[in-house]
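>>> sequence and predicted structure are below.
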Amino acid sequence: MSARVPRIATSAAPSPLAWLLIFVTLSIVATFADSRHLLDGPRQAVMRVLSPVQAGVSRVGQGIGGVFSGWSEVGQLRDENAALRRTMEELVQETVNLRAAELENRELRDQLKYSRENQSLTLLPAEVIGLDSSALVGSAVINRGRESGIQDGMTVQSTAGLIGRVVSLTATTSRILLINHPSSSVNAVIQGAPGATGQVLGQPDGRLAMRYIPQAESVKVNDVVVTSGLGGAFPKNVPIGRIVHIETRDVEMFQRAVIEPFVNFRKLSHVMVATGFIPTKL
């Protein structure tokens with residue numbers, strides 16, 4: 001006969017009804033204990049333990065929120081600065097353009113007024129497209145040439161005064177020898193003193209000097225020098241400059257005057273060619 005294996009008894013799992021009774025009992029006990037303030041001590045102990053943890057978690061959350069908020073504000077400020085910089089650059093460029101247009105319009109108005117007051121010269125406006133005002137070169141290039149009726153030797157001036165004369169040209173451009181170049185020579189006279197004639201020559205330093213002024217003529221600082229028209233190379237009475245210094249010696253026949261030109265050769269932009277005056281060919 002085979003031996004029987006004894007069975008191990010296992011306890012039955014609590015039924016759902018038993019769990020319900022347990023839950024109801026605990027609820028009644030908890031409610032009774034809370035009404036009698038029996039749980040205040042344990043609750044306060046738990047709160048004392050958890051309070052630092054809650055505070056730390058709160059600070060960490062605030063710090064993380066501050067970091068993200070800070071990065072968001074930095075990005076916003078960076079975008080605003082870039083927009084302001086672009087706006088400022090646009091305003092600066094617009095101001096420069098308006099200023100340039102204002103100066104050009106003023107110069108053109110002055111040229112128109114000067115042309116009306118000097119209709120006998122028949123002045124043709126031109127724009128300077130190349131410039132070297134140094135004493136070594138002393139020349140400018142304008143955007144007018146043979147096609148505009150310009151001829152070799154014609155006088156070039158501005159509303160301020162004499163600039164030079166045409167020395168070479170193409171169909172659409174002309175090169176101007178400035179009067180501050182050492183090779184330039186202009187017959188001139190001191191305004192108000194018909195006998196105080198001489199020659200205005202360019203100097204190596206870019207200034208002007210009037211030579212061969214008769215010693216007997218009374219010459220003063222601030223006297224105005226204009227073209228005399230002698231020789232036929234330039235028309236009469238075109239302003240040249242103002243005397244700033246006089247050199248005179250009793251033993252010499254002539255005086256010498258240093259002249260500050262009316263024209264600023266470093267800032268030439270618009271000029272006029274006297275097409276109504278044909279220079280004499282020497």
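Looks like it arrived, so ask away. Residues are numbered from 1 along each chain as shown.
>>> select the helix or strand of this structure having the lowest average pLDDT value.
One helix or strand of the chain scores below all others by mean pLDDT, DSSP states H and E: helix 40-117, with a mean of 62.
>>> need the contact list for residue 215.
For residue 215, the contact set (C-beta atoms under 8 Å, 6 or more residues apart in numbering) comprises 248, 250, 252-255. All C-beta spots, glycine's among them, are computed from the backbone N, C-alpha and C.
>>> change it to 6 Å
Contacts for residue 215 (C-beta atoms under 6 Å, 6 or more residues apart in numbering) come out as 253, 255.
>>> which element follows the least confident helix or strand of the chain toward the C-terminus?
Using DSSP states H and E, the helix or strand that directly follows helix 40-117 along the chain is strand 123-132.
>>> helices or strands next to whichever helix or strand comes after that following strand in the packing?
The helix or strand immediately downstream of strand 123-132 is strand 139-142, counting by DSSP H and E. Packing partners of strand 139-142 (3 or more C-beta pairs under 6 Å, 6 or more residues apart in numbering; DSSP states H and E): strand 123-132, strand 174-178.
>>> least reliable of those going by mean pLDDT?
The minimum mean pLDDT among these belongs to strand 123-132 (a mean of 92).
>>> packing partners of that strand?
Short answer (3+ C-beta pairs under 6 Å, 6+ apart): strand 123-132 packs on strand 139-142, strand 270-274.
>>> could you redo the last one with a cut-off of 8 Å?
Applying 3 or more C-beta pairs under 8 Å, 6 or more residues apart in numbering; DSSP states H and E, we find strand 123-132 packed against helix 40-117, strand 139-142, strand 270-274.
>>> picking up where we left off before, next, format the helices and strands packed on strand 139-142 as a markdown table and append distance to residue 212 and mean neighbour count.
A markdown table is the format used below for these (distance: least, C-beta to C-beta, whole Å; neighbours: other C-beta atoms under 10 Å):
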| stretch | distance to residue 212 | mean neighbour count |
| --- | --- | --- |
| strand 123-132 | 29 | 17 |
| strand 174-178 | 21 | 23 |
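>>> and residue 200, which of the ones you listed is closest to it?
Nearest to residue 200 among these is strand 174-178 (12.1 Å), distances taken as C-beta to C-beta.
>>> tell me the strands beside the closest one, with direction?
Its sheet considered, strand 174-178 pairs with strand 139-142 (antiparallel), strand 162-169 (antiparallel) by DSSP bridges.
>>> could these go into a markdown table alongside mean pLDDT?
As requested, the strands paired with strand 174-178 are exported to a markdown table (pLDDT from 0 to 100):
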| stretch | mean pLDDT |
| --- | --- |
| strand 139-142 | 94 |
| strand 162-169 | 96 |
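>>> out of these, which is closest to residue 219?
Going by C-beta to C-beta, the one of those nearest residue 219 is strand 162-169, 19.4 Å.
>>> how about the CA coordinates for the closest one, as CSV?
Provided in CSV are the C-alpha atoms of strand 162-169 (Å, rounded to 0.1, in the frame of the first residue of the first chain):
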residue,chain,number,x,y,z
LEU,A,162,37.3,130.1,-59.0
ILE,A,163,38.3,126.4,-59.1
GLY,A,164,40.4,125.9,-62.2
ARG,A,165,40.3,125.2,-65.9
VAL,A,166,39.8,122.2,-68.2
VAL,A,167,43.1,120.7,-69.3
SER,A,168,41.9,117.5,-70.9
LEU,A,169,38.6,115.9,-71.8
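>>> list the buried ones in that strand?
Using 16 or more other C-beta atoms under 10 Å as the test for burial, strand 162-169 gives 162-167, 169.
>>> relative to residue 175, which of these is nearest.
The nearest one, if we look at the buried residues of strand 162-169 relative to residue 175 and count by C-beta to C-beta, is residue 167, at 5.7 Å.
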